[in-house]
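Colleague: below: sequence and its predicted model.
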Amino acid sequence: MDRRSWLKWVASLSASSLPLAEVLAAAAPAMKTIGEERPFDYAWLKGRARSLAGSQYQPPAARLPAEVAKLDWDQYQAIRFHDNHALWADTAGSRFRLKFFHLGLGFKTPVHLFEVAGGRAREIAYDPAMFDYGKSGLAGSHLAPDLGFAGFRVFYHTDWQRDLAAFLGASYFRAVGGEMQYGQSARGLAVDCGLPREEEFPNFTTFWFERPERGAAKLVVYALLDSPSIAGAYRFEIFPGPTLVMNVDAALYPRKTIERIGIAPLTSMYMHGENDRRISYDWRPEIHDTDGLAMWTGSGEWIWRPLANPSRLRFNSHGDENPRGFGLLQRDRNFDHYQDDGAFYDLRPGLWVEPRSPWGKGQVQLLELPTDGETDDNIVAFWNPAEPPKPGAELLYAYRLHWGARPPVATPLAQVVATRTGIGGIVGQKRKYFSWRFVVDFAGANLAMLPAKAKVEPVITASRGEVEITSARPLKSVRGIRAMFDLKLSDDGVDPVNLRLFLRAGKEPLTETWLYQWNPPPPEERKIFLQAG
């Protein structure tokens with residue numbers, strides 16, 4: 001199942017839920033369990049992950065029944081979870097409920113689900129009575145009693161009809177802020193992402209849910225991760241709100257040396273926007289879940305890196321030590337810039353990663369893949385430690401995820417609010433050579449208060465080529481400053497050019513740092529641009 005289908009599936013489930021009055025009126029049946037009750041805590045889970053890493057990896061058995069495996073999109077979408085079967089629907093005072101995803105379509109590997117109460121865990125049994133199979137063609141009575149589940153959704157007492165988090169597929173999970181709009185995903189871990197070989201996708205194989213105390217505003221979820229290269233134990237504390245917050249603790253145990261590991265990986269989609277119109281045949285002006293990578297470095301620098309949809313894979317590393325935070329954000333929240341009244345890209349949540357412990361040396365890495373549609377994620381960002389993980393090691397990471405319209409922190413300097421690019425040169429004059437123009441708008445902080453005669457200097461560097469026709473002038477529409485410059489290439493190469501820009505007055509920086517990577521067109525296309533001018 002691709003990402004757009006996943007979103008449609010989640011939305012359709014929420015839209016088709018029973019009215020709240022019916023839910024309250026229905027008697028919640030007792031949850032069936034499997035096996036004996038056993039002690040459980042995070043220390044035990046870490047020991048389990050360490051033990052797994054010391055043994056040979058066992059891939060999950062493929063045991064999906066033929067009638068489930070052959071479900072098409074419409075049939076799978078027809079399966080509904082009964083509201084009155086939700087976990088804790090019968091628990092007085094519980095502010096949380098969980099509903100489970102059925103196996104089928106792209107979700108073929110069952111996960112084990114446990115409820116934890118009083119430090120003891122019992123596995124939740126699959127029960128066909130949990131589901132309304134509708135027009136799916138499945139008969140619950142004919143399905144194996146140990147079929148299992150694909151994942152789960154989290155509901156909060158403020159709205160029992162719309163979920164606020166979902167864990168489904170590999171180690172993927174999503175959440176929403178106050179806008180109640182799904183968008184980008186997070187993952188438990190990335191392994192060998194962006195290397196010239198097939199990426200490894202670790203799986204969350206088992207989840208444990210702590211039964212919330214009466215009136216509790218926090219949900220605690222544990223997960224066991226496993227893959228050919230590594231095993232891990234995870235603890236999530238989920239706090240719903242206008243910005244949904246997750247405290248994540250991860251204990252990782254490599255089976256072998258891993259060339260590239262991604263901590264707190266974020267996955268998003270960027271098809272086209274104001275700065276990149278390579279794919280521009282759609283009627284909507286912009287299509288993206290997020291429009292930039294933001295970084296707050298260990299040294300205190302604030303960086304904004306606009307995203308793009310490149311013609312070929314691009315991989316960038318931004319070295320740092322003890323980063324203070326990074327995230328994929330949707331800064332542009334103006335509906336008029338998207339004109340999408342179905343997907344609502346202007347409401348997509350940003351996701352900010354805040355380390356809760358020192359992470360040492362490493363890089364924030366960004367992978368941008370080409371895409372010709374909006375149904376596939378093509379953007380990945382994560383933290384890669386400088387020291388490659390080795391077998392026998394224990395890697396401990398603690399971080400906080402913030403899902404919402406705005407990150408929890410912001411630079412005291414002015415921010416980039418728009419990036420545009422196009423053919424360079426001077427209007428009205430014949431172009432004698434090819435150049436490319438970059439227009440960056442900054443707003444916020446004290447820019448609107450600068451005197452009209454203030455001398456603002458754009459500080460620009462380029463990895464190659466010659467910067468020319470530079471300017472920085474007030475832009476009243478954003479109460480900020482627009483910086484412009486052209487880049488004149490000195491060769492016919494098509495390797496990426498790295499650009500860096502910030503504004504200053506005297507020796508004082510006024511803005512965060514804008515980073516950009518531009519792929520020059522091949523020489524034959526440059527001639528076309530010249531002829532057009």
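Modeller: Structure's in. What do you need?

Colleague: chain neighbours aside, what residue packs nearest to Pro523?
Modeller: The shortest distance from Pro523 to any non-neighbouring residue, by C-beta to C-beta, 6 or more residues apart in numbering, is to Asp492 (4.6 Å). For every residue, glycine as well, the C-beta is placed using N, CA and C.

Colleague: quick one: the one you found and Glu525 touch, right?
Modeller: No: if you go by C-beta atoms under 8 Å, Asp492 and Glu525 don't touch, sitting 11.1 Å apart.

Colleague: quick check, pLDDT for Asp320.
Modeller: pLDDT recorded at Asp320 is 98.

Colleague: which positions in the helix or strand hosting it come out as buried?
Modeller: Per DSSP states H and E: Asp320 is located in strand 314-321. Buried residues in strand 314-321, counting neighbours by 16 or more other C-beta atoms under 10 Å, are found at 314, 316, 318, 320.

Colleague: quick one: which two of those are the most distant?
Modeller: Arg314 and Asp320 (19.2 Å; C-beta to C-beta).

Colleague: now do the strand holding Asp320: which elements does it pack against?
Modeller: Packed against strand 314-321 by the contact rule (3 or more C-beta pairs under 8 Å, 6 or more residues apart in numbering; DSSP states H and E) you find strand 302-306, strand 361-368, strand 513-518.

Colleague: looking at those strands, which is buried most?
Modeller: strand 302-306 (a mean of 23; mean count of other C-beta atoms under 10 Å).

Colleague: check the gap between Arg526 and Gly424 for me.
Modeller: 11 Å (C-beta to C-beta, to the nearest Å).

Colleague: please apply the same query to Arg305.
Modeller: For Arg305 relative to Gly424 (C-beta to C-beta), the value is 22 Å.

Colleague: between Arg526 and Gly424, who's got more neighbours?
Modeller: Between Arg526 and Gly424, counted using other C-beta atoms under 10 Å, Gly424 has the larger neighbour count: 21 against 18.

Colleague: doesn't Tyr433 make contact with that one?
Modeller: No: counting by C-beta under 8 Å, Gly424 does not reach Tyr433; the two are 9.2 Å apart.

Colleague: what touches both of the two?
Modeller: Residues within reach of Gly424 and of Tyr433 at once, by C-beta atoms under 8 Å, 6 or more residues apart in numbering, are Lys488.

Colleague: rewinding a little: now distance to Phe101 and mean pLDDT too, for the helices and strands packed on strand 314-321, in CSV please.
Modeller: Converted to CSV, these look like this (distance: least, C-beta to C-beta, whole Å; pLDDT from 0 to 100):
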stretch, distance to Phe101, mean pLDDT
strand 302-306, 34, 98
strand 361-368, 27, 98
strand 513-518, 38, 98
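
Colleague: same list, those, but as a markdown table with distance to Asp72 please.
Modeller: A markdown table is the format used below for these (distance: least, C-beta to C-beta, whole Å):
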| stretch | distance to Asp72 |
| --- | --- |
| strand 302-306 | 38 |
| strand 361-368 | 31 |
| strand 513-518 | 40 |
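
Colleague: which one of those strands lies nearest to Glu67?
Modeller: strand 361-368 (37.8 Å).

Colleague: can you tell me what sits against the closest one?
Modeller: The contact list for strand 361-368, computed with C-beta under 8 Å, 6+ apart, reads 193-194, 260, 262, 270, 293, 295, 305, 307-310, 313-321, 323, 326, 378-387.

Colleague: and the helices in the chain?
Modeller: Secondary structure of the chain by DSSP state H: the helices cover 3-15, 20-25, 42-53, 66-69, 73-77, 523-532.

Colleague: which of those helices has the lowest average pLDDT?
Modeller: Among these, helix 20-25 scores lowest, with a mean of 40.

Colleague: which strand residues bridge Pro385?
Modeller: Note on Pro385: beta-bridge partners Gly362, judged by DSSP bridges.

Colleague: my guess is it contacts Pro355. True?
Modeller: No: between Pro385 and Pro355 there is no contact under C-beta under 8 Å: 11.6 Å.

Colleague: okay, now the unreliable bits of the stretch 101-250 of the chain?
Modeller: Judged against pLDDT under 70, the stretch 101-250 of the chain has no low-scoring part.

Colleague: which residues are in contact with each of Arg526 and Gly424?
Modeller: The contact lists of Arg526 and Gly424 share Phe434, where a contact means C-beta under 8 Å, 6+ apart.

Colleague: can you flag the buried ones in the contacts of strand 361-368?
Modeller: If we count by 16+ other C-beta under 10 Å, the contacts of strand 361-368 have these buried: 193-194, 260, 262, 270, 293, 295, 305, 307-310, 314, 316, 318, 320, 323, 326, 378-385.

Colleague: where along the stretch 101-250 of the chain do the strands fall?
Modeller: Using DSSP state E, counting those that start in this stretch, the strands of the stretch 101-250 of the chain run over 112-117, 120-124, 131-132, 151-156, 165-168, 172-175, 185-187, 189-191, 203-210, 219-226, 230-239, 244-254.

Colleague: how close does Pro65 get to Gly422?
Modeller: Applying C-beta to C-beta, the value for Pro65 to Gly422 is 55 Å.

Colleague: of the helices and strands packed on strand 314-321, which is nearest Arg255?
Modeller: strand 361-368 (21.1 Å).

Colleague: wait, Arg356 sits on Ala398?
Modeller: Yes: in this structure, Arg356 is within contact of Ala398 by C-beta under 8 Å, at 4.0 Å.

Colleague: overlap in contacts of the two?
Modeller: In contact with both Arg356 and Ala398: Asn247, using C-beta under 8 Å, 6+ apart.

Colleague: between the two, which one's more packed in?
Modeller: A count of neighbours by other C-beta under 10 Å puts Ala398 above the other of Arg356 and Ala398, at 16 against 12.

Colleague: quick check, that one in contact with Ser357.
Modeller: Yes: applying C-beta under 8 Å, one finds Ala398 in contact with Ser357, separated by 4.6 Å.
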